[in-house]
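In: Here's my sequence, what's the structure:
(one chain, ligands or ions: 2)
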Amino acid sequence: MTLPPATTAPLTVLGLETSCDETAAAVVRLTPGEGAPNPQVQVLSSVVLSQTAEHAPYGGVVPEIAARAHVETIDAIAAQALAEAGVTPGGLDAIAATAGPGLVGGVMVGLSFGKAMALALGRPLIAVNHLEGHAVSARLTADLPYPFLLLLVSGGHCQLLEVAGVGASRRLGSTIDDAAGEAFDKIGGALGLPYPAGPALEQLARGGDASRFPLPRALLGREGCDFSFSGLKTAAARIAARLASEADRRDLAAAVQAAIARQLAERTARALDLYEAAHGGRDRRLVVAGGVAANGAVRLALQSLAEARGYVFAAPPLAYCGDNAAMIALAGAERLAVGLTDALDVVARPRWPLDEVAARQRPTHIPGRKGAKA
Ligand code: KG4
Ligand code: ZN
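Out: Ligands and ions are numbered 1, 2, ... in the order given. Below you'll find the predicted structure:
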């Protein structure tokens, strides 16, 4: 389902993102119309302030530290985004803020700030689902019409979604234990890498021998397209504890990265079958988004799968893989274009599955760094 645009005038939207450990603001201009050719989306600014250094000593995100850091910086980050875009507050058509899922203290900061701006400016507020932001992130730079199959892989999420249009996603599979980014972070931690360990593990894996350490292949050949990474995490941590040399660590990092990429591609191949059945072989578009989409081996595995199955492949540029506010601004602008706005009493939601029906029918528990969520 793609709703027709209620307006074709350009829409300039401020996006705010505070659901985890990045304080981000961005200004995006969308010119609605049929499809989504590239010139219709302009990222006028995208400012991301990462709190990584503040959380690093604790080996994960500390919710109280995150919320306080968002409070201290959100106004300056929003002002910087407007200044870099050359847009005054009065030039905005709407304010879009992440309203969940995520660490609720942080979500409340961005959402409250967004409500205050919307009220003061007399502009609509759009409460954006963070996952919907990741879902549209590839549309920031690519000519990518709806519908498409999305693999959303980050530190808190690992899901396969059929994205049919604005606000219309169907969940085909999700992790039954850990998210892929969490597996990268925990195994990287066991290898002595600083948090968040995903990017450092990718570096370490360069030149490593991925075949030296056999690792469990979870859910291989199993029905459906859910994921599981806890067995891999335990096995890899056990091997890591008895490694001595740098070459050993490189080989284990390469094996872990290959195992994660392989599982992501295997389960996505199954989701393609379901997607094809629903679309009669048309609309062959595969998208990977979220922080883990920055991983070269993961991108390559998904790209090879897309090519083998005759799909167009899209992934956001690295700057829009991790958490950012440009994706929130675009998700908000797409909603605004079809008349979907929110009241100022909308609440922050620690959990907010994109596909509420699937979440009720097949609840999954994700004990991620942001807590159990989607
Ligand atoms: O999307 P994101 O910034 O935040 C969440 O919404 O979770 O994703 C962060 C996750 C972390 O687990 C991080 O280790 C992982 O993405 N990540 C990577 C890479 N870059 C970020 N994992 C593997 N390889 C990378 N290059
Ligand atoms: Zn995210």
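In: E22: neighbour count?
Out: Residues near E22, counting by other CB atoms under 10 Å, number 21. Where you see a C-beta, it was placed from the backbone N, CA and C, and this is true even at glycine.
In: Skipping adjacent residues, who's closest to it in space?
Out: Leaving aside its sequence neighbours, E22 sits nearest to D323 (CB to CB, 6 or more residues apart in numbering; 4.4 Å).
In: How about A127?
Out: A99 (3.6 Å).
In: so, in contact with ligand 1 or not, stretch 183-195?
Out: Yes. Counting by CB under 6 Å from any ligand atom, contacts between stretch 183-195 and ligand 1 involve F184, D185.
In: tell me which residues in that stretch are buried?
Out: A183, F184, D185, K186, I187, G188, G189, A190, L191, L193, Y195 (16 or more other CB atoms under 10 Å).
In: element containing the last one?
Out: Counting by DSSP states H and E, Y195 is held by no secondary-structure element, helix or strand.
In: can you tell me how far it sits from Q80?
Out: Distance of Y195 to Q80, given as CB to CB, to the nearest Å: 26 Å.
In: I'd guess L151 is in a strand, am I close?
Out: Yes. Counting by DSSP: H, G, I helix; E, B strand; the rest coil, L151 falls inside a strand.
In: got a list of what it touches?
Out: By CB atoms under 8 Å, 6 or more residues apart in numbering, the residues touching L151 are Q159, L160, L264, T268, A271, L286, V287, V288, A289, A293, L302.
In: CA atoms only: put stretch 268-281 into CSV for me.
Out: C-alpha atoms of stretch 268-281 as CSV (Å, rounded to 0.1, in the frame of the first residue of the first chain):
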residue,chain,number,x,y,z
THR,A,268,17.0,-13.4,3.8
ALA,A,269,17.0,-15.9,1.0
ARG,A,270,14.0,-17.6,2.7
ALA,A,271,12.2,-14.2,3.1
LEU,A,272,12.7,-13.6,-0.6
ASP,A,273,10.6,-16.7,-1.3
LEU,A,274,7.8,-15.3,0.8
TYR,A,275,8.1,-11.9,-0.7
GLU,A,276,8.1,-13.3,-4.2
ALA,A,277,5.0,-15.4,-3.5
ALA,A,278,3.2,-12.2,-2.3
HIS,A,279,4.3,-10.1,-5.2
GLY,A,280,4.1,-12.6,-8.1
GLY,A,281,7.8,-12.1,-8.8
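In: What residues does the protein have near ligand 1?
Out: 20, 154-156, 181, 184-185, 196-199, 202, 290-292, 294-295, 322-323.
In: On the three-state scheme, D345 is what?
Out: The three-state label given to D345 by three-state DSSP is coil.
In: Tell me the confidence at the residue nearest to A127?
Out: pLDDT for A99: 98.
In: Can you tell me how far it is from ligand 1?
Out: 15 Å (CB to the nearest ligand atom, to the nearest Å).
In: just P363 next, same as before
Out: According to CB to the nearest ligand atom, P363 stands 20 Å off from ligand 1.
In: number of nearby residues for that residue?
Out: 11.
In: Tell me the spacing between it and R171.
Out: 11 Å.
In: now E132
Out: 13 Å.
In: who in the protein is up against ligand 2?
Out: Along the chain, the residues adjacent to ligand 2 under the rule CB under 5 Å from the ion are S154, D323.
In: for the chain, what helix or strand is lowest in average pLDDT?
Out: Every helix and strand of the chain was ranked by mean pLDDT, DSSP states H and E. The lowest is helix 356-361, at a mean of 82.
In: Same question for that one: list its buried residues.
Out: Buried positions in helix 356-361, judged by neighbour count with 16+ other CB under 10 Å: A358, A359.
In: Kindly export that helix (C-alpha atoms) in PDB.
Out: Output of helix 356-361 as PDB, limited to C-alpha atoms (Å, rounded to 0.1, in the frame of the first residue of the first chain):
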ATOM      1  CA  GLU A 356       2.000  -4.800  15.600                       C
ATOM      2  CA  VAL A 357       0.000  -7.700  14.400                       C
ATOM      3  CA  ALA A 358       3.000 -10.000  13.900                       C
ATOM      4  CA  ALA A 359       4.400  -8.800  17.300                       C
ATOM      5  CA  ARG A 360       1.200  -9.900  19.000                       C
ATOM      6  CA  GLN A 361       0.900 -13.300  17.200                       C
END
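In: if we can go back for a sec, where do the contact lists of E132 and R171 overlap?
Out: L354.
In: For the residue nearest the centre of the chain, give me its contacts.
Out: Compute the mean C-alpha point of the chain, and by CA atoms, centre = their mean the closest residue is G290, 3.1 Å away. Taking CB under 8 Å, 6+ apart as the criterion, G290 is in contact with H134, L152, V153, S154, H157, G181, C321, G322.
In: If anything else comes up later, I'll come back, but that's it for now.
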